[in-house]
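S.K.: Sequence plus predicted model, see below.
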Amino acid sequence: MTAVNNDDIWEDFLGISLDPPKMRDKCSQCKRPIDVCWCPGLPDPRLHVESKVIILQHPAEVKRALRTAPMLSLGLESDKCLIFRGKKFPKIHQKGLYDILNDENTILLYPSPNAINIHNLRKVGVDGQKPYNLVLLDGTWPQAKTMYHASPTLGTLKTCKLVDVPISEYVIRTQPTDGCLSTLESGALSLSILEGKDCLKDALLGPLHYLCKFQLERGAITHHSKELLIKQKTYPKLVGKRLSRQLKINSDNSSDV
């Protein structure tokens, strides 16, 4: 048996710093570490739009490192994007949300059975159309669905959906289907349609493009949707019931006019 020198053990302990590990400096704007900040991709100055974006965010989204809702919030003028967190809406402490949800110009982007093609809505300023309050549910598809069904008020809103959407440009993240877009992409595309300004989409997607380019240059790979991998028979896992239902919903929506 080897003898243990207690003095050596104490010397090892003495070499350990009592201070907590130094945290990386964070950007004061996006709150991400400086070396992975995507703020250089933001439009400057912030974009002016007539409508407002109302993001109803699931609490779990706050912990996601690569969430896109902050990109949308920081890309628009400060009073044009409001974020409310929770699993059920509206609540008493969510100041102003009740009035917004009861405004006749409020619309919800959600593929409910009665949702209409967003292209069929009047553009802002046409025939006296006032600016919209565009409500987005920020979370995974199961989370968004739970939020919708837990909030009776959301079921009373006029709902719209994006039809024939392009493939997501969030290429460093795997989407469930080809028709799934990030919160930023959904908001940017919807605003460009409602306001009749195609340039809004590209300008708002600047930070997402910056983030993806940064990650790809450092070894990240381009991800394809689970739907495409399944079609190509290269998806490595069994397809569960939930994903199967989502693929069917996506297929049904893509055939709507």
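M.R.: Sure, I can see it.

S.K.: what's the spacing between G219 and V171?
M.R.: 14 Å (Cβ to Cβ, to the nearest Å). Yep, even glycine has a C-beta here, placed from its N, CA and C like the rest.

S.K.: what sits against the residue lying closest to D79 once chain neighbours are set aside?
M.R.: Closest residue to D79 apart from its sequence neighbours, by Cβ to Cβ, 6 or more residues apart in numbering: K52 at 7.7 Å. Contacts for K52 (Cβ atoms under 8 Å, 6 or more residues apart in numbering) come out as D79, K80, C81, L82, I100, P131, Y132, N133, L134.

S.K.: just A188 next, same as before
M.R.: L72, G75, L200, K201, L204, L205.

S.K.: Output the residues you listed in a markdown table; the columns should cover secondary structure, neighbour count and pLDDT.
M.R.: Formatted as a markdown table, those follow (DSSP: H, G, I helix; E, B strand; the rest coil; neighbours: other Cβ atoms under 10 Å; pLDDT from 0 to 100):
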| residue | secondary structure | neighbour count | pLDDT |
| --- | --- | --- | --- |
| L72 | helix | 27 | 97 |
| G75 | helix | 28 | 98 |
| L200 | helix | 24 | 97 |
| K201 | helix | 18 | 96 |
| L204 | helix | 25 | 98 |
| L205 | coil | 24 | 98 |
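
S.K.: for this structure, what spans make up the strands?
M.R.: Secondary structure of the chain (DSSP state E): strands at 52-57, 81-85, 106-109, 116-117, 133-138, 158-161.

S.K.: roughly how far apart are the residue nearest to D79 and N133?
M.R.: Where N133 is concerned, K52 sits at a distance of 5 Å (Cβ to Cβ).

S.K.: now K145
M.R.: Counting by Cβ to Cβ, the gap from K145 to N133 is 21 Å.

S.K.: okay, those two: which has more neighbours?
M.R.: Set K145 next to N133 and count neighbours by other Cβ atoms under 10 Å: N133 wins out with 20 against 16.

S.K.: and L162, what is it in contact with?
M.R.: The contact partners of L162, taken as Cβ under 8 Å, 6+ apart, are L109, I118, L181, S186, L189, S190.

S.K.: Out of these, which one has the lowest pLDDT?
M.R.: pLDDT across those is lowest for L181, at 92.

S.K.: Is C81 in contact with Q57, as I believe?
M.R.: No - checked against Cβ atoms under 8 Å, the pair C81 and Q57 is beyond contact range at 11.4 Å.

S.K.: quick revisit: shared neighbours of K52 and N133, anything?
M.R.: With Cβ under 8 Å, 6+ apart as the test, K52 and N133 both reach I100.

S.K.: Which of the strands of the chain sits closest to C30?
M.R.: Each of the strands of the chain has some distance to C30 by Cβ to Cβ; the shortest is strand 81-85, at 13.9 Å.

S.K.: what sits up against the closest one?
M.R.: 52-59, 62, 69, 72-73, 90, 94, 96-97, 100, 138.

S.K.: Also stretch 86-97?
M.R.: Contacts of stretch 86-97 (Cβ under 8 Å, 6+ apart): 54, 56-59, 82, 84, 98, 101, 146-147, 150-151, 153-154.

S.K.: sorry, back to before: next one, pLDDT for the residue nearest to D79 please.
M.R.: At K52, the predicted lDDT confidence score is 98.

S.K.: and it, how far is that from P131?
M.R.: Distance from K52 to P131, counting by Cβ to Cβ: 7 Å.

S.K.: Let me see the contact set for the closest residue to K26 other than its chain neighbours.
M.R.: Closest residue to K26 apart from its sequence neighbours, by Cβ to Cβ, 6+ apart: P33 at 5.7 Å. The neighbourhood of P33, defined by Cβ under 8 Å, 6+ apart, consists of R24, D25, K26, C27.

S.K.: from those residues, which single one is nearest Y210?
M.R.: C27 (12.7 Å).

S.K.: residues touching the closest residue to that closest one other than its chain neighbours, list them.
M.R.: In this structure, C27 finds its nearest non-sequential neighbour in C37, 4.2 Å apart by Cβ to Cβ, 6+ apart. By Cβ under 8 Å, 6+ apart, the contact set of C37 is C27, Q29, C30.
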